[in-house]
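K.L.:
Just need the structure, nothing else, for what follows:
(one chain, ligands or ions: 1)
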Amino acid sequence: MDFLTWLINRGGQVHPKLDLFYTLPSGDRGVVARSDIPEGQLLLLLPIDCAIYIPTKEEFQRHPDAFPNAVQYLREAHPGLSPFLATTLVLMSEMTRGSTSPWASYIATLPPSCPDCLLNWTDEEKRELAGTSLEQPGPDPASDVYLRLVAPILALRKDLWPGLVVAETVEADRGSDPGLTAFLRAAGLVQSRAFHLEAENWVSGAKEISRLEDGGTQVFLLPGIDMINHSHNPARRNAHLERLNLAQAAAAKLLDGTALAEAQSPPTGVEAFFVMRTDKPIKAGEEVLHTYGNLSDAQLLQTYGFLDSEDDFRLQTASGAAAAASSEGPSPKKRAKAGDGGDIGGGDAYRNPYNAALVPWTTVDEVCRDLLLSMDQNPSASLQRAKRKFLASAGVLQSVAPELTQFVLLAREPLPDELMTAVQVLLMTGEEFQELQREFGGPTKLPAGSKKVGKGSQDGGTTSKAAPLVAATGAEEASIPKLSLGTTLLEEDDEFAEMVCIASLQILAACMERYPTDVKDDVRLLRSPDCTGRKRLAVRVRLGEKDVLHLAKKAMVELMKRLRAASAGEGCQAEENEESDDEVAAAEAEGAEELGRRRASKRQRRGLGAPPSEEADGAEDDENSNSADGSDGEDGSDSDDEAAHELLMGSDDSDKVGYGAVEYDDGIGEVHDRGKPHEAPKDD
Ligand SMILES: C[S@@+](CC[C@H](N)C(=O)[O-])C[C@H]1O[C@@H](n2cnc3c(N)ncnc32)[C@H](O)[C@@H]1O
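P.N.:
Have a look, this model is predicted:
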């Protein structure tokens, strides 16, 4: 049966003017309007029983027979399996059932593979990603997950995956193992095509909804709807996806004329609908596009195997022409100086505003310790431990395995407050740290007068004056307040501020060093006509990360200049200053020893949050400057009854895989760890 007939027989709808399987000039497939389609029109409607997904316990208990046998088995025998892996196994099951599968018509529409997904990259190709957040040290994660988690399940219930030969070891040649080959194809398809209910995604900053009770975000393979491509560019996007319950769909008269409307009662399990509608008029020949989320280049590459068009990310020109995507570009004067193209890359520069760079806690810790050592301070191991524990309990580091925390720097927020807070705490003397702990009063007690704020709406806390001491984690429901030092202490103590700025610049420099190529090499490569395919994708990912580090460095220099100006009483506006690489370099080269000598005489700083006082400074000069050891430092909308859910695409198991994996360790899902103490800025 052809796909459209299958869909309509099952109560689905497709706009008659849509070509679902159009071959685009790029060779990829996409959905295109055959003739003009007005705004607000229904493009596709899909009853939920057409989707392949793992139901919640409640959904499953309501209609256990409405789901395929593989779903029943996995729900009952492997409830702890990540939704990503479980959905992959269900898809594999339907694929191996061939024409007997109720999804055979859908499966026939699927591409043979997701060509550039990282799962398909050779080791040599992956080496181009060295130093980036996509670098995968250690064994191939897909083969590892297959052997560890998937193969034993396949072997136990051969009837659910008929005809699949399961090897006990993975051959060096991946292609020679049919079980692994089938798994890689299904995993790539789920990764590049599945939707989750609203991104619980640090890049988009969206809310967490629709999770399975064992953790992990539900993912849905949505036949037909998954033919629609992504665009990051709001000017090109023209459609969006919603999930409606039965009453909502009926009220909107969406079911009129469908097989469902004629049925006396809907088939069991059909309690929701996925609906794709036009946001604006679509012209004949135009491609239907929606967004898979506000994703960094690394996320797009890892999950979907492509990057957005460079044209969509072109930075503003000196003449002031609007950038397609960047919401905050440098001033025209600065752009002109940078070659009309922004920070790195010269005149042809572009920037994905959702790009990110990761700064590992271990680098932050090491740089701060080395800086203190160079200043003749030797922070004891117990003080270091106490600080780490405190930062974890105060929400600055992830609570599970805080040492695996990676701070997320975004192009739009290059100096996250969590990083600045961590650096400040690490550079505090033992007395200062004790005082901070006393004032903070532990992770659940707010100091009097402090207030909870959602950080996402702030300016990133990097240059804001007198940031509140305690900020909530950003989510409305967050109950644990989070330590946020802002720049108050830096404004009060210029030498401490210098230490923090120098350490931060050294941290950024250390992160830049982990890439085997420098920015100039990458820019040169991108300009070369030979840099195509996967190599170009890799170069763009690493250049995007370096760009974020570079932005962070610039922001740090701005902060340093502003603090120095404020300290000198000039009231100078840092924004007006023209920074240069020389100044950045000079800031980095600042002698820590000299700073240490100056600071040693003022070790006992005034109380946290207290107003600056000359007497206090004078008194401090006579105090013993040795640091003491610190004390221990212990010291929705998922309901079907609600309005339509916004949906974003993605096999969002990312809090379970990749960095700092906690509950699941699939190792092959998305790259970014939601456990990171980072709250992304809201989408525009
Ligand atoms: C959900 S599928 C979309 C349908 C897909 N084009 C097909 O032929 O089946 C996602 C995949 O489409 C491709 N894709 C989507 N948006 C794209 C874009 N803006 N540029 C390039 N490829 C894109 C990528 O291969 C991605 O993994």
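K.L.:
List the contacts of stretch 103-113.
P.N.:
Stretch 103-113 is contacted from outside by 1-3, 5-7, 21, 29, 50, 52, 94-95, 97-98, 101, 120, 184-185, 188-189, 193, 223-224, 227, using CB atoms under 8 Å, 6 or more residues apart in numbering. From N, CA and C alone the C-beta is placed, and that goes for glycine too.
K.L.:
Now narrow the residues you listed to whatever sits close to the ligand.
P.N.:
With CB under 6 Å from any ligand atom as the criterion, the contacts of stretch 103-113 include 29, 193, 227 near the ligand.
K.L.:
Phi and psi next, for the last one.
P.N.:
The phi and psi torsions at Met227 (degrees, to the nearest 10) take the values phi -90, psi -10.
K.L.:
Also the first one?
P.N.:
Dihedral angles phi and psi of Arg29 (degrees, to the nearest 10) take the values phi -100, psi 150.
K.L.:
mind starting the numbering at 18 from now?
P.N.:
Happy to do that; since the first residue is 18 now, the last one works out to Arg46.
K.L.:
Surely it and Arg210 touch.
P.N.:
No. Assessed by CB atoms under 8 Å, Arg46 is found out of contact with Arg210, at 12.0 Å.
K.L.:
Compare neighbour counts for those two and give me the winner.
P.N.:
Between Arg46 and Arg210, counting by other CB atoms under 10 Å, Arg210 is the more crowded of the two (24 against 16).
K.L.:
With adjacent residues omitted, what lies nearest to the more buried one?
P.N.:
Distances taken as CB to CB, 6 or more residues apart in numbering put Asp243 closest to Arg210, at 4.3 Å, once the chain neighbours are dropped.
K.L.:
Could you give the number of residues near Pro132?
P.N.:
Neighbours of Pro132 (other CB under 10 Å): 15.
K.L.:
Extract the residue ranges of the stretch 368-517 of the chain that are flagged as low pLDDT.
P.N.:
Where the stretch 368-517 of the chain drops to pLDDT under 70, the residues are 458-497.
K.L.:
could you redo the last one with a cut-off of 90?
P.N.:
368-370, 392-396, 416-417, 429, 455-499, 509, 511 (pLDDT under 90).
K.L.:
Closest one of the ones next to the ligand among the contacts of stretch 120-130 to the ligand?
P.N.:
Using CB to the nearest ligand atom, the shortest approach to the ligand within these belongs to Arg46, at 3.3 Å.
K.L.:
need the contact list for that closest one.
P.N.:
38-40, 128, 244.
K.L.:
Pairing partners for it in the sheet, please.
P.N.:
With DSSP bridges as the criterion, Arg46 is bridged to Thr40.
K.L.:
Any part of the longest helix seen in the chain near the ligand?
P.N.:
For the chain, the helix with the greatest residue count under DSSP state H is helix 550-584. No. Figure legend: helix 550-584 not in contact with the ligand (CB under 6 Å from any ligand atom); closest approach 10.6 Å.
K.L.:
Can you give me the buried ones in that helix?
P.N.:
Neighbour counts over helix 550-584 (16 or more other CB atoms under 10 Å) mark 551, 553-581, 583-584 as buried.
K.L.:
Ok, stretch 62-76 next?
P.N.:
So, applying 16+ other CB under 10 Å, buried residues of stretch 62-76: 62-73, 76.
K.L.:
who's in contact with Ala269?
P.N.:
Taking CB under 8 Å, 6+ apart as the test, what Ala269 contacts is Leu261.
K.L.:
For the longest helix of the chain, give the mean pLDDT please.
P.N.:
The average pLDDT for helix 550-584 rounds to 93.
K.L.:
what's the answer for stretch 80-89, then?
P.N.:
91.
K.L.:
Start and end of that stretch, how far apart?
P.N.:
11 Å (CA to CA, to the nearest Å).
K.L.:
Enumerate the residues of the stretch 18-167 of the chain near the ligand.
P.N.:
45-47, 128, 131.
K.L.:
which of these lies closest to the ligand?
P.N.:
Set against the ligand, the nearest of these by CB to the nearest ligand atom is Arg46 (3.3 Å).
K.L.:
And the pLDDT for that closest one?
P.N.:
Value for Arg46, per-residue pLDDT: 96.
K.L.:
shouldn't Arg557 be in contact with Asp314?
P.N.:
Yes. Using CB under 8 Å, Arg557 is in contact with Asp314, at 5.8 Å.
K.L.:
Please list the residues of this structure that sit near the ligand.
P.N.:
Contacts of the chain with the ligand, taken as CB under 6 Å from any ligand atom, map to 45-47, 128, 131, 209-210, 243-244, 246-248, 321-323.
K.L.:
Could you identify the least confident member of the contacts of Arg46?
P.N.:
Comparing the contacts of Arg46 by pLDDT, Pro128 comes last, at 93.
K.L.:
ok, back up a step: show me the buried residues of stretch 62-76 that map onto helices.
P.N.:
Short answer: the buried residues of stretch 62-76 in helices (DSSP H) are Glu76.
K.L.:
Any regions of the stretch 68-217 of the chain where pLDDT drops low?
P.N.:
Across the stretch 68-217 of the chain, the ranges flagged by pLDDT under 90 are 73-83, 96-97, 129-140, 153-161, 164-165, 172, 180-198, 212-217.
K.L.:
Do a quick rundown of the helices in it.
P.N.:
Along the stretch 68-217 of the chain, the segments classed as helices by DSSP state H, counting those that start in this stretch run 74-79, 86-94, 100-113, 121-124, 140-144, 158-162, 168-173, 195-210.
K.L.:
Could you say which of these is packed most deeply?
P.N.:
Most buried of the helices of the stretch 68-217 of the chain, by mean neighbour count (mean count of other CB atoms under 10 Å): helix 100-113, with a mean of 26.
K.L.:
what angle do that helix and helix 195-210 make?
P.N.:
Inter-element angle recorded for helix 100-113 and helix 195-210: 120 degrees (by axes from the mean of the first three to the mean of the last three CA atoms, to 10 degrees).
K.L.:
Output the contacting helices and strands for helix 100-113.
P.N.:
Applying 3 or more CB pairs under 8 Å, 6 or more residues apart in numbering; DSSP states H and E, we find helix 100-113 packed against strand 69-70, helix 86-94, helix 121-124, helix 168-173, helix 195-210, strand 236-238.
K.L.:
can you list those in a markdown table and add distance to Ala411?
P.N.:
As requested, those are arranged in a markdown table below (distance: least, CB to CB, whole Å):
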| stretch | distance to Ala411 |
| --- | --- |
| strand 69-70 | 37 |
| helix 86-94 | 38 |
| helix 121-124 | 48 |
| helix 168-173 | 40 |
| helix 195-210 | 35 |
| strand 236-238 | 33 |
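K.L.:
Please put the alpha-carbon coordinates of stretch 90-99 into CSV.
P.N.:
The C-alpha trace of stretch 90-99 is given here as CSV (Å, rounded to 0.1, in the frame of the first residue of the first chain):
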residue,chain,number,x,y,z
TYR,A,90,8.1,-6.3,25.9
LEU,A,91,10.4,-3.4,26.4
ARG,A,92,8.0,-1.5,28.7
GLU,A,93,7.7,-4.6,30.9
ALA,A,94,11.1,-6.2,30.7
HIS,A,95,13.3,-3.2,30.2
PRO,A,96,11.6,-0.2,31.8
GLY,A,97,15.0,1.5,32.5
LEU,A,98,16.1,1.5,28.9
SER,A,99,16.4,5.1,27.5
